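>>> Sequence isn't available, so here's the structure alone:
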């Protein structure tokens, strides 16, 4: 495997002050607009053929493109997303449907006022989708990784950005193509009220993320074989690209704040540049490939003009980072396996209980007071090395089961290939 040379001068460069200020204002506006108490939930689905459980591609007859076109009447025509003449996204109030690189179908639901709202929105999506899937002869699987197909068997969908991602992630780290083409997740987003609240939630979410990932693990297969990694998707992300994954650098330093996070994301090479909403470039009539070009050694200051960044540019810059927990104008808890909606709802309930209920939040902050980055790294390594016998942060699974209020999870093993729910959506 060939690894591209990285210019660390970019990592040491001082970001454009106007760009830093743009991100700080973006974070501040998230606080002002959203308040606290809401949720967003994203569930990614793996499309597989009923006949042999292999992956369904975007381009095949009655494939993913055909599905999106059949779903168009249910969505807002003004919110359709097209690239290179192909439909790649749909949206309406409360629901959006988008594609990951290997054709994984992501459903984003929210803003939800309580976890129980998830099921009603999701059920409507499935009532519209499932009859089409039955007609086409394939279905959605909620697993963290494709059950039969290898990454090498799955073409990327027609988004221009994925060509640049393939070129970069195919040469960096260990699992780039696997993550892009075969993996699927559940993500939960929450609100914050101010900078202090946001940083505290980032820290708690980062600390408990691997533990909840164990309770909700759901990746029985990897590359067509039985998966041997206790937390497969966590392993893939941690070894994807050290510049932009794992724990946010400096997060557990008591002095860490929004500006530190902004400097980190603005100083790291972008991987690819999205200039589709950069007027100075769009007005030149640049092609789609030029608007989505590789930026392997260029950070935001090299790519974007010397002015305040607009919200689209900011979202793109942040989206090139894949930390365990990510700050946008909300907080995004990432890297959990794709889950059936009932378990996704239970995960959301636990997140709500831990981060929105003051006494639970205070209990977690007290317990993890003084936690360091290396403690989180050690906890992850402990789980990967010992699985059921792991003791993350020095405590057994029984302790975490009670401490996090994860009732009913230890007896349920959806990640076991022998589990009766295998292949059920």
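Arrived safely, thanks for sending. Computed from a predicted structure; not experimentally measured.

>>> Now do the phi/psi pair for residue 43.
Main-chain torsions, residue 43, degrees, to the nearest 10: phi -120, psi 120.

>>> try residue 76
phi -80, psi 120.

>>> ok, now which ones touch the residue lying closest to residue 47 once chain neighbours are set aside?
What sits nearest to residue 47 in space, not counting adjacent residues and going by CB to CB, 6 or more residues apart in numbering, is residue 56, at 3.8 Å. Placement of C-beta: from N, CA and C, glycine included. Counting by CB atoms under 8 Å, 6 or more residues apart in numbering, residue 56 touches 47, 48, 49, 63, 64, 103, 138.

>>> mind running it again at 10 Å?
Residue 56 makes contacts with 46-50, 62-64, 66-67, 103, 105, 133, 136-140, 149, 154, as judged by CB atoms under 10 Å, 6 or more residues apart in numbering.

>>> from those, which ones fall inside strands?
Under the assignment DSSP state E, the contacts of residue 56 contribute 46, 47, 48, 49, 105, 138, 139, 140 to strands.

>>> Surely the second one and residue 142 touch.
No: counting by CB atoms under 10 Å, no contact exists between residue 47 and residue 142, whose distance comes to 11.4 Å.

>>> so what sits against both of these two?
With CB under 10 Å, 6+ apart as the test, residue 47 and residue 142 both reach residue 184.

>>> Show the contacting residues for the residue most central in space within the chain.
Nearest to the mean C-alpha position of the chain, by CA atoms, centre = their mean, lies residue 334 at 4.7 Å. With contact taken as CB under 10 Å, 6+ apart, residue 334 is in contact with 42, 185-189, 205, 209, 233, 237, 245, 322-326.

>>> Let me know the pLDDT of it.
The per-residue pLDDT reported for residue 334 equals 94.

>>> Next up, phi/psi of it, please.
phi -120, psi 180.

>>> Quickly note the distance from it to residue 296.
According to CB to CB, to the nearest Å, residue 334 stands 23 Å off from residue 296.

>>> Over to residue 124?
In this view, residue 124 and residue 296 are 42 Å apart by CB to CB.

>>> more neighbours, those two?
residue 296 (18 against 14; other CB atoms under 10 Å).

>>> just checking, that one touches residue 171?
Yes: between residue 296 and residue 171 there is a contact under CB under 10 Å: 9.2 Å.

>>> For burial, what's the neighbour tally of the spatially closest residue to residue 102 that is not a sequence neighbour?
Counting by CB to CB, 6+ apart, residue 102 lies nearest to residue 181, which is 3.3 Å off, once chain neighbours are set aside. When neighbours are defined as other CB under 10 Å, residue 181 has 25 of them.

>>> Verify the stated contact: residue 181 with residue 58.
No: if you go by CB under 10 Å, residue 181 and residue 58 don't touch, sitting 11.2 Å apart.

>>> what residues do the two have in common as contacts?
In contact with both residue 181 and residue 58: 101, 102, 103, 154, 155, 156, 157, using CB under 10 Å, 6+ apart.
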